[in-house]
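A.B. asks: one predicted model, sequence on top.
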Amino acid sequence: MLDTARRIATPEGIELALRLAGPVPRAGAWALDLLLRLAILAVLAMILGLLGGFGLGLFLLCGFFLEWLFPAWCEVNWGGATPGKKALGLVVLHDDGTPVRWPAALARNLLRAIDFLPAFYGFGLAAMLANRDFKRLGDLAAGTIVVYREGKPRGFQIPHAPALAPPVALTLAEQRAILDFAERAQGLTPERAEELAMIPRALTGRLDGPVAAERLVRIANYLVGRK
Amino acid sequence: MRQAVFEARYGADWERFDTWLDRDEKVPRRSGAAAPAGALPDIEIPPAYRRVCQHLALARDRQYSPELVDRLNQLALRGHHLLYGARPRRGLARGLEFLLAGFPRLVREEGALVAAAAALFFGPLVTLIVTLQWHPDFVYYLLEPESLAKFQEMYSPANKRLGMRDADDNVAMFGFYIWNNVKIGFQTFATGLAFGLGSIFYLAFNGITIGAVAGHLTQAGYGTPFWSFVAGHSALELVAIAISGAAGLKLGGALIAPGLRSRKAALVAAARPAVRLMYGAAAMFFAAAFVEAFWSPLTLFPPTTKYAVGAILWAVVLGYLVLGGRARAA
């Protein structure tokens, strides 16, 4: 399947699903980080500018740390994300799905020095498009992935309705499609939900939109085992 | 089992596990701290986590609704992060031990690469210094006359302080050396990912530039100010460049000759020691910048003293790399 979900196997013998972040959100996060860094440096320049040569030295030191070490520090100690990544809901993890630690965080940040060659992260982008995990060169060497932070579940429930047995036997995949519809119908416009409900003719016959949707919800209630 | 029965039976377990995760993600507790009353005690967490994993597997296999599978996936994922992410923090002692013993040991382990990088760097450097004494005009093949004039101005015997224009400040120069030199080190390292070519280029390029400047200034009669300026920090800085190059070659080598692994796996395995080499190299660059900013420009001492300090530092650096960490090797 063409999908950006990546499955990692855990020692418990299950697979956890992670959603990989592609070049666009990552470029956005990078741009936010850059803006933040420039803003901090501008403020520092104003304050430290008053201190002459001493201030200039401190300014250059801060610039160095902000560029090379600060992102790695954030990724290790601040929930796996720099401020820009946090804003876009991204998080850096090891390949095995565990939170990133110092060696990998430093490796991926130091290796930005080659990712941004020849200009505007050209090598990094080429590398991201050439492998299925959207890894830039630094990620490849450090063994890290950038994924979306999982949001809280939407909390959609299948609406309660009197259960109704489906008129034909359904395969597991078909049952799952019905359940998915019943849950997500609340997030759709009524028109779209009705349109979708009229597709499975075997279940809804010649019923009209609203009635068809209601019938699917009733079948879903039957499938999850409600009375 | 139908989904509704499944949820009714285990929902409370998930709820409690969720509450525990919420609390622990917000406040990372030191081990030994007691859990608040009524909450799931820490000792119950691993079994609770394994149950969630099993429920996730069941829910997927039985094709329960996607919402439920997502919810369980998320619970298992968060549990996985907390249980497998919590590793003991490496304290200051570990860092110190690395600097005193681990780093020199690592440099010796990668001795062949360090030697290759040193040859690429010091080879052209020394060759040029010697060559330019007999063929001074050769320098114009390598450097622009304008930049040579700038270097001559920097090391003019008329300057009160060495290696910088008079108005500059020590701390400013310290910041500049960190900013500039460590970046050169990082570049030398990172570009090694291009099959080692970048590291080779930067090593040779820096060796040629430094050799040309040093040879030219010596030949032009600016030798005393130049050498008494660079003597102090030369050991730390030049060796750090060579080690950065070796770390880069380590990455490139993993791609060229991955051995019995895939190139990707070989790269990940090589990145670990390479980054550890860079920890040490960065520390050496910092020390070098400190010496360069606060000791090297002083004219308080006669050149002979500064040469002596430089020689001692070379002995210390080489002795550290050759002998460091041998006693504790078990």
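C.D. replies: Received, thanks. Numbering: from 1, shown residues only, chains lettered A, B, ... in the order given.

A.B. asks: and the longest helix for chain A?
C.D. replies: Among the segments of chain A that qualify as a helix by DSSP state H, the longest is helix A:23-48.

A.B. asks: so after it, what's the next helix or strand?
C.D. replies: Downstream of helix A:23-48, the first helix or strand assigned by DSSP states H and E is helix A:52-64.

A.B. asks: for that following helix, name the packing helices and strands.
C.D. replies: Secondary-structure packing of helix A:52-64 (3 or more CB pairs under 8 Å, 6 or more residues apart in numbering or on different chains; DSSP states H and E): helix A:23-48, helix B:170-177. C-beta coordinates here come from the backbone N, C-alpha and C atoms, glycine included.

A.B. asks: following it, which helix or strand shows up next?
C.D. replies: Note on helix A:52-64: by DSSP H and E, the next helix or strand toward the C-terminus is helix A:70-77.

A.B. asks: for the record, mean pLDDT for that following helix?
C.D. replies: What helix A:70-77 shows for mean pLDDT is 87.

A.B. asks: can you list the buried residues in it?
C.D. replies: If you call a residue buried by 16 or more other CB atoms under 10 Å in any protein chain shown, then helix A:70-77 has these buried ones: A:70-72, A:74-76.

A.B. asks: what helices or strands is it leaning on?
C.D. replies: helix A:102-110.

A.B. asks: what angle sits between the helix it packs on and helix A:70-77?
C.D. replies: Put simply, helix A:102-110 runs at 150 degrees to helix A:70-77, going by axes from the mean of the first three to the mean of the last three CA atoms, to 10 degrees.

A.B. asks: anything in helix A:102-110 near chain B?
C.D. replies: Yes: using CB under 8 Å from any CB of the partner chain, helix A:102-110 reaches chain B at A:102-103, A:106-107, A:110.

A.B. asks: between those, which sits nearest chain B?
C.D. replies: residue A:107 (4.5 Å; CB to the nearest CB).

A.B. asks: which residue is the nearest non-sequential neighbour of that closest one?
C.D. replies: Nearest non-adjacent residue to residue A:107, counting by CB to CB, 6 or more residues apart in numbering or on different chains: residue A:142, 3.8 Å away.

A.B. asks: can you check residue B:225 too?
C.D. replies: Per CB to CB, 6+ apart, closest to residue B:225 is residue B:155, 4.7 Å.

A.B. asks: repeat for residue A:184
C.D. replies: residue A:156 (6.6 Å).

A.B. asks: so where's chain A uncertain?
C.D. replies: For chain A, applying pLDDT under 70 flags the ranges A:1-3, A:151-155, A:227.

A.B. asks: ok, which stretches of it are helices?
C.D. replies: Applying DSSP H to chain A gives helices spanning A:23-48, A:52-64, A:70-77, A:83-87, A:102-110, A:112-115, A:122-130, A:137-142, A:172-184, A:190-197, A:201-204, A:209-224.

A.B. asks: does chain B have contacts with the last one?
C.D. replies: Yep, that's helix A:209-224 we're talking about. Yes: Helix A:209-224 is in contact with chain B by CB under 8 Å from any CB, via A:220, A:223-224.

A.B. asks: could the residues you listed go into JSON lines alongside neighbour count and distance to residue B:14?
C.D. replies: Shown next, in JSON lines, are the residues of helix A:209-224 next to chain B (neighbours: other CB atoms under 10 Å in any protein chain shown; distance: CB to CB, whole Å):
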{"residue": "A:220", "neighbour count": "26", "distance to residue B:14": "21"}
{"residue": "A:223", "neighbour count": "26", "distance to residue B:14": "21"}
{"residue": "A:224", "neighbour count": "21", "distance to residue B:14": "16"}
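
A.B. asks: would JSON lines of the residues you listed with distance to residue B:136 be doable?
C.D. replies: Putting the residues of helix A:209-224 next to chain B into JSON lines (distance: CB to CB, whole Å) gives the following:
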{"residue": "A:220", "distance to residue B:136": "89"}
{"residue": "A:223", "distance to residue B:136": "90"}
{"residue": "A:224", "distance to residue B:136": "89"}
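
A.B. asks: relative to chain B, which of these is nearest.
C.D. replies: Closest approach between these and chain B, by CB to the nearest CB: residue A:224, at 3.9 Å.

A.B. asks: picking that back up, the residue nearest to residue A:107: what's it in contact with?
C.D. replies: Counting by CB atoms under 8 Å, 6 or more residues apart in numbering or on different chains, residue A:142 makes contact with A:103-105, A:107-108, A:111, B:268, B:271.

A.B. asks: any idea how far it lies from residue A:133?
C.D. replies: 12 Å (CB to CB, to the nearest Å).

A.B. asks: got the contact list for the residue nearest to the spatial centre of chain A?
C.D. replies: Geometric centre of chain A, nearest residue: residue A:148, 1.9 Å, by CA atoms, centre = their mean. By CB under 8 Å, 6+ apart, residue A:148 lies in contact with A:18-21, A:25, A:89-91.

A.B. asks: ok, of those, which come out buried?
C.D. replies: Buried by 16+ other CB under 10 Å: A:18, A:20-21, A:25, A:90-91, out of the contacts of residue A:148.

A.B. asks: OK, contacts around residue B:73?
C.D. replies: Neighbouring residues of residue B:73 by CB under 8 Å, 6+ apart: A:16-17, B:56.

A.B. asks: can I get these in JSON lines with neighbour count?
C.D. replies: Shown next, in JSON lines, are those (neighbours: other CB atoms under 10 Å in any protein chain shown):
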{"residue": "A:16", "neighbour count": "22"}
{"residue": "A:17", "neighbour count": "19"}
{"residue": "B:56", "neighbour count": "26"}
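
A.B. asks: closest one of these to residue B:228?
C.D. replies: Residue B:228 has its nearest neighbour among those in residue A:16, at 61.8 Å by CB to CB.

A.B. asks: returning to that earlier point: quick check: the residue nearest to the centre of chain A vs chain B, distance?
C.D. replies: Look at residue A:148 and chain B: by CB to the nearest CB, to the nearest Å, they are 12 Å apart.

A.B. asks: which residues pair with the residue nearest to that residue when sequence neighbours are not counted across the strands?
C.D. replies: Nearest residue to residue A:148, sequence neighbours excluded (CB to CB, 6+ apart): residue A:19, at 4.5 Å. Beta-bridge partners for residue A:19, by DSSP bridges, are residue A:5.

A.B. asks: my guess is residue A:19 contacts residue A:145. True?
C.D. replies: No: between residue A:19 and residue A:145 no contact is recorded; they are 10.4 Å apart, counting by CB atoms under 8 Å.

A.B. asks: common neighbours of those two, please.
C.D. replies: By CB under 8 Å, 6+ apart, residue A:19 and residue A:145 have these common neighbours: residue A:6.

A.B. asks: and the residue of the stretch 51-200 of chain B that's closest to chain A?
C.D. replies: For the stretch 51-200 of chain B, CB to the nearest CB, closest residue to chain A: residue B:169, 2.3 Å.

A.B. asks: what about the closest residue to that residue other than its chain neighbours, how many residues nearby?
C.D. replies: With CB to CB, 6+ apart as the criterion, residue B:169 has its nearest non-adjacent residue at 2.3 Å, and that residue is residue A:53. The number of residues packed near residue A:53 is 15, by other CB atoms under 10 Å in any protein chain shown.

A.B. asks: so who does residue 63 touch?
C.D. replies: As the question left the chain open, I've gone with chain A. Applying CB under 8 Å, 6+ apart, we find residue A:63 in contact with A:41, B:179.

A.B. asks: ah, no, chain B please
C.D. replies: Counting by CB under 8 Å, 6+ apart, residue B:63 makes contact with A:172-173, A:175-176, A:179.

A.B. asks: could you pick out the buried ones from the residues you listed?
C.D. replies: A:175-176, A:179.
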